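Trainee: with the sequence up front, the predicted model follows.
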Amino acid sequence: MEEMIMQSGMVELGLWEIFAQSRQANTTVILATIIGVWVAARFSSVVMDKGPNLLAKIICTSIAVGIFLIAFNNGYWISGTMEGHAAALANLDMLNGDVDISAGSKAFIENNASNGNIIGTVGAYLFYVGGLLLAVLPLWMNPND
């Protein structure tokens with residue numbers, strides 16, 4: 001029984017180590033999309049200063065929409081990481097039988113079962129939709145009208 005507990009603990013620690021590594025990658029992805037939103041807004045601002053033609057407006061709009069879609073997709077990757085890790089921990093708990101996983105792992109599984117971090121999800125939507133609007137609206141709506 002003691003050997004089973006040690007093996008379970010080592011597998012659980014291994015899962016958490018993989019999760020920590022994926023969080024570092026997710027942070028890089030988030031930073032890249034934040035920079036992308038800034039670049040799209042900056043392109044839009046520079047184009048507006050030069051008096052854009054229709055083609056320039058369409059190009060800047062497509063860049064902004066593309067960055068928004070990439071950011072949206074990256075959000076799915078991050079959610080998938082969370083859900084996959086919770087599923088792996090739940091599977092470990094099920095396979096262990098009488099040996100329990102840690103309280104932190106159980107809380108993580110429960111949190112993901114109840115739709116995860118709602119505040120983070122809403123915050124990401126607000127940021128990326130706001131960035132899209134910040135980059136696109138000035139191109140198509142003249143504030144002097």
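Mentor: It's in.

Trainee: let me see the contact set for R42.
Mentor: Under the criterion of CB atoms under 8 Å, 6 or more residues apart in numbering, the contact list for R42 is empty. C-beta: built from backbone N, CA, C; applies to glycine.

Trainee: quick one: which helix or strand includes it?
Mentor: In the assignment (DSSP states H and E), R42 maps to helix 2-49.

Trainee: and that helix, what's its mean pLDDT?
Mentor: The average pLDDT within helix 2-49 is 87.

Trainee: after that helix, which helix or strand is next? Please name it.
Mentor: helix 54-96.

Trainee: could you say what helices and strands that next one packs with?
Mentor: On a contact count with 3 or more CB pairs under 8 Å, 6 or more residues apart in numbering; DSSP states H and E, helix 54-96 meets helix 2-49, helix 103-113, helix 118-140.

Trainee: figure out which of these is closest to F68.
Mentor: Of all the helices and strands packed on helix 54-96, helix 118-140 sits nearest to F68, with 4.4 Å by CB to CB.

Trainee: and the closest one, how far out from the chain's middle?
Mentor: Offset of helix 118-140 from its chain centre (CA atoms, centre = their mean, to the nearest Å): 14 Å.

Trainee: between that helix and helix 2-49, how many degrees?
Mentor: Angle of helix 118-140 versus helix 2-49, following axes from the mean of the first three to the mean of the last three CA atoms, to 10 degrees, is 20 degrees.

Trainee: in helix 118-140, what counts as buried?
Mentor: A124, Y128, G131, L132, L134, A135, V136, P138, L139 (16 or more other CB atoms under 10 Å).

Trainee: out of the residues you listed, what pair is the most spread apart?
Mentor: Across those (CB to CB), the longest gap, 23.5 Å, separates A124 and L139.

Trainee: now I101. Its backbone dihedrals?
Mentor: Backbone torsions of I101, given as degrees, to the nearest 10, read phi -80, psi 170.
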